[in-house]
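J.: Need the 3D shape of this:
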Amino acid sequence: MSDTKPKPKPQSTPAPTLAEGFFLPNFCGIRMVFAVVVVAELLAFILVLAAPWSHDGTGDKWSELGLVSLFVQWVALASAGVLCALRPWLARLSTVAATLVSYLSLLLVTLILSEIAFRMAGRLDLLQPQPDHAGFLLRNLAIGVLLSGMVLRYFYVRHQWAQQVTAEAQARVQALQARIRPHFLFNSLNTIAALTASNPALAEDVVQDLAELFRVTMRDMRERVTLEQELNFTRSYLRIEAQRLGDRLQVDWTLKNLPLQAPVPALILQPLVENAVYHGIEPRAGGGRVHILGTYNRGVLRLEVRNPLPDTANMNNGRAHPNGNRMALDNIRERLQLAYGPEARLEMDQREGLYRVRVLFPLPDTGEAT
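T.: Residues are numbered from 1 along each chain as shown. The predicted structure follows:
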């Protein structure tokens, strides 16, 4: 792989819209509509089972279930449609106002459809004996009052919990991004100071690489970079360490069919490589080789970093760095979970004297690969 200086290409994801931060889910989506249908059918079963049974324990419960299911599904889907249509407007209101409008809208839908259902059932002679008009409306409205309140409360609590989890995860991510190990910064400055007298041009290159790393760590965590940029950030880091470690640090790159322009979270690969250098190369008197692999297959990106395990002698004399590795890996795992959910994985193992850590997550193919 070429080690030429990259030219950064800023790229950021669009800011989230108001609706994306709203506590009500998107009822226009297929999954949500399916969930509404399933929950409504469960409610219909409960209502039929809770109704009085005939003395012999039988009765036309199947017909009753059919009518109740039809009505409950009608109300549920109509309510979902109303919330779907109102959601962009509701997202602009305060939480209290949006909750109140949503609540009243659900009750109004229930009342209107109950009136229509009562009149249709009366004309078709579907209800025997014919229920009291006011009692039918009040019963359905009371059920709507309880269920609508419970559902809105559930969505609000779930949204608050998700916001808290996201805020905590973002705080940890920003702490990770803002954190450059003091030893790395100190060593880099020493390297620059030494090169200033002996090789000013090379010292300038190291300063540029260090500045590029600082720019990355100060990015907004919501912004993403291209995979090509992330690879170049890692090369910048390795160039700095190569000036300090010299021949003790050997690096092999094996990259195949990577979608270079696909957006990824910043600082996914570089911390893994930094861990490999800090825990696998520095403690070894003779250094070692870091192998960086990247493959892309069936919409899944796989990045793997391998480094030699520290010598047993170095483990005993304190030259190894046992702390910090787990914290960095846990932070990266949380970032992947935040960005890609359960489809993202971080795996690690030790085999044949090598420590291997790999990340796998789904990535769309942009059509440009290397």
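
J.: from here on, contacts and neighbour counts on C-alpha atoms
T.: Noted.

J.: which residues sit against stretch 104-120?
T.: Residues from elsewhere that reach stretch 104-120, judged by CA atoms under 8 Å, 6 or more residues apart in numbering: 71, 74-75, 78-79, 82, 133, 136-137, 140-141, 144-145, 148.

J.: residues of that stretch that come out buried?
T.: 105, 106, 107, 109, 110, 111, 113, 114, 115, 118 (16 or more other CA atoms under 10 Å).

J.: State the next helix or strand along the chain beyond the one helix or strand the fifth one maps to.
T.: Mapping residue 110 onto the secondary structure by DSSP states H and E places it in helix 95-124. Using DSSP H and E, the helix or strand that directly follows helix 95-124 along the chain is helix 133-178.

J.: Which strands or helices does the helix or strand that that following helix is followed by pack on?
T.: Note on helix 133-178: by DSSP H and E, the next helix or strand toward the C-terminus is helix 182-198. Under the contact criterion of 3 or more CA pairs under 8 Å, 6 or more residues apart in numbering; DSSP states H and E, helix 182-198 touches helix 200-217, helix 227-245.

J.: Need these in JSON lines (columns: mean pLDDT, mean neighbour count and distance to residue 51).
T.: Formatted as JSON lines, the helices and strands packed on helix 182-198 follow (pLDDT from 0 to 100; neighbours: other CA atoms under 10 Å; distance: least, CA to CA, whole Å):
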{"stretch": "helix 200-217", "mean pLDDT": "78", "mean neighbour count": "17", "distance to residue 51": "62"}
{"stretch": "helix 227-245", "mean pLDDT": "89", "mean neighbour count": "20", "distance to residue 51": "60"}
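
J.: separation between residue 95 and residue 147?
T.: Separation of residue 95 from residue 147 (CA to CA, to the nearest Å): 19 Å.

J.: One more: residue 337?
T.: Distance from residue 337 to residue 147, by CA to CA: 33 Å.

J.: likewise residue 308?
T.: Distance from residue 308 to residue 147, by CA to CA: 59 Å.

J.: So these two - more neighbours on which side?
T.: residue 308 (23 against 15; other CA atoms under 10 Å).

J.: Could you check the pLDDT of that one?
T.: pLDDT recorded at residue 308 is 92.

J.: tell me the secondary structure for residue 255?
T.: At residue 255 the chain is in strand, as set by DSSP: H, G, I helix; E, B strand; the rest coil.

J.: Check residue 348 too.
T.: From three-state DSSP, the assignment for residue 348 is strand.

J.: Make CSV from the contacts of stretch 104-120 and add neighbour count to it.
T.: CSV is the format used below for those (neighbours: other CA atoms under 10 Å):
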residue, neighbour count
71, 17
74, 19
75, 21
78, 16
79, 22
82, 17
133, 12
136, 14
137, 19
140, 17
141, 20
144, 20
145, 16
148, 20
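
J.: Tell me the one among these nearest to residue 267.
T.: Residue 267 lies nearest to residue 82 out of the contacts of stretch 104-120, by CA to CA, at 42.3 Å.

J.: how close does that closest one get to residue 362?
T.: 34 Å.

J.: Repeat that for residue 261.
T.: The value you get for residue 261 to residue 362, if CA to CA is used, is 14 Å.

J.: and what of residue 225?
T.: With CA to CA as the criterion, residue 225 and residue 362 are 15 Å apart.

J.: Of the two, which one has the most company?
T.: residue 225 (22 against 18).

J.: and that one, that's in a strand?
T.: Yes - per three-state DSSP, residue 225 lies within a strand segment.

J.: Tell me how far it lies from residue 231.
T.: Residue 225 is 10 Å from residue 231, by CA to CA.

J.: so who does residue 303 touch?
T.: Residue 303 neighbours (CA under 8 Å, 6+ apart): 269, 292, 293, 294, 295, 358, 359, 360.

J.: hang on, the earlier thing: quick one, the helix holding residue 110 and helix 133-178 angle?
T.: 140 degrees (axes from the mean of the first three to the mean of the last three CA atoms, to 10 degrees).

J.: how about low-confidence regions in the stretch 1-150 of the chain?
T.: For the stretch 1-150 of the chain, applying pLDDT under 70 flags the ranges 1-21, 52-61, 125-130.

J.: switch the cut-off to 50
T.: 1-19, 58 (pLDDT under 50).

J.: Endpoints of stretch 333-348, how far apart?
T.: Terminal residues of stretch 333-348 are spaced 11 Å apart (CA to CA).

J.: how about that stretch: buried residues?
T.: Applying 16+ other CA under 10 Å to stretch 333-348 flags 333, 334, 335, 336, 337, 338, 344, 345, 346 as buried.

J.: Against residue 298, how distant is the last one?
T.: Computed as CA to CA, the residue 346 to residue 298 distance reads 18 Å.
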